[in-house]
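Asks: Sequence first, then the predicted structure, then my questions.
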Amino acid sequence: MSLEAQDVSFRYPCGRELYRGLSLSVGPGERVALTAPSGRGKTTLCRLLAGYLEPSVGRVLADGEPVRPVARLRGEASPVQLLPQHPELAFDPRVRLGQSLGEVAGAGEACARARADELLGSFGVRGEWLARRPHELSGGELMRLAMVRALSVRPRYLIADESTAMLDAVTQAELWHVLLGLQERDGWGLVLVSHSPALVGRVATRRVEL
Ligand SMILES: Nc1ncnc2c1ncn2[C@@H]1O[C@H](COP(=O)(O)OP(=O)(O)OP(=O)(O)O)[C@@H](O)[C@H]1O
């Protein structure tokens, strides 16, 4: 059981090759920090691990199954959820947030919604936010909802790419406290990208240098 990148190489169209035969494995319950200088490809690797991009060479497996391209999932929840750097990218700007949360259909929508309801309390989401559209919330408020949405489908792996970098220290500490409590309880594997040595030191059980 693990999230694995096997001999992965990747090149954007017209870009240079970012990795040559990169292999990486993250087990359930592990918290792995990806570290590298700016531009080395941390965000790209997060997107590869979550199925937003496909490797040019090699493959990505979640518990032995190929991670399917997110665009082709058509409503089916991926076992690998990505918390992006900018939470506004996680939501349709035209749709009220309550509806967006309801759209994360997993094994059954009702199941995902019940899970989301439980998580709304844990992440301190106020009921009135659900009637608003993404641009009507602050970045921190929207990130709370992005966390609820990602975890409501019971992922086996969560990828946090600089997800709390734009938050104040108090909110950042609060959200990581909640996330790590849920991770310990539910046992999903975590991949973390952060430029903050303090956050990496607090959260990560292992570091992988790209
Ligand atoms: N869509 C794209 N098309 C072409 N090149 C891209 C694209 N996205 C990123 N790149 C390039 O790929 C390289 C890796 O980018 P990436 O964002 O993965 O790095 P990073 O390690 O996360 O950087 P940072 O720490 O600065 O956020 C960079 O040189 C970047 O310019």
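Replies: Thanks, I have the structure now. The shown structure was predicted, so the numbers you read here are calculated from the model rather than taken from an experiment. Numbering: from 1, shown residues only.
Asks: Model confidence score at Leu89, please.
Replies: Leu89 carries a pLDDT value of 82.
Asks: That one - that's part of a strand, no?
Replies: No. According to DSSP: H, G, I helix; E, B strand; the rest coil, Leu89 belongs to no strand; its state is helix.
Asks: where does it sit relative to Glu4, distance-wise?
Replies: Taking C-beta to C-beta, to the nearest Å as the measure, Leu89 falls 26 Å from Glu4. In this view, the C-beta of every residue, glycine as well, is placed from N, C-alpha and C.
Asks: Pick out whichever of those two has more residues nearby.
Replies: Per other C-beta atoms under 10 Å, whichever of Leu89 and Glu4 has more neighbours is Glu4, with 20 against 11.
Asks: what's the offset of the strand or helix carrying Leu48 from the middle of its chain?
Replies: Per DSSP states H and E: Leu48 is located in helix 42-49. Relative to its chain's centre, helix 42-49 lies at 10 Å (C-alpha atoms, centre = their mean, to the nearest Å).
Asks: Am I right that Leu24 is in a strand?
Replies: Yes. Assessed by three-state DSSP, Leu24 belongs to a strand.
Asks: So that it lines up with my notes, have the first residue be 18 from now on.
Replies: With the count now opening at 18, the last piece we talked about shows up as Leu41.
Asks: can you give me the helices for the protein?
Replies: 59-66, 114-119, 126-139, 156-169, 186-203, 214-220 (DSSP state H).
Asks: Figure out which of those is closest to the ligand.
Replies: The stretch from the helices of the chain with the least distance to the ligand (C-beta to the nearest ligand atom) is helix 59-66; that distance is 3.4 Å.
Asks: by contact count, what packs against the closest one?
Replies: Helix 59-66 is packed against strand 20-28, strand 34-43, strand 48-52, strand 97-100, strand 174-178, strand 206-210, with contacts defined by 3 or more C-beta pairs under 8 Å, 6 or more residues apart in numbering; DSSP states H and E.
Asks: how about those in CSV, adding mean pLDDT and distance to the ligand?
Replies: Below are the helices and strands packed on helix 59-66 laid out as CSV (pLDDT from 0 to 100; distance: least, C-beta to the nearest ligand atom, whole Å):
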stretch, mean pLDDT, distance to the ligand
strand 20-28, 96, 9
strand 34-43, 93, 6
strand 48-52, 96, 8
strand 97-100, 94, 13
strand 174-178, 96, 7
strand 206-210, 97, 7
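Asks: could you redo the ones you listed as JSON lines and give each row distance to Arg149?
Replies: Listed next are the helices and strands packed on helix 59-66 as JSON lines, based on distance: least, C-beta to C-beta, whole Å:
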{"stretch": "strand 20-28", "distance to Arg149": "34"}
{"stretch": "strand 34-43", "distance to Arg149": "35"}
{"stretch": "strand 48-52", "distance to Arg149": "32"}
{"stretch": "strand 97-100", "distance to Arg149": "20"}
{"stretch": "strand 174-178", "distance to Arg149": "24"}
{"stretch": "strand 206-210", "distance to Arg149": "29"}
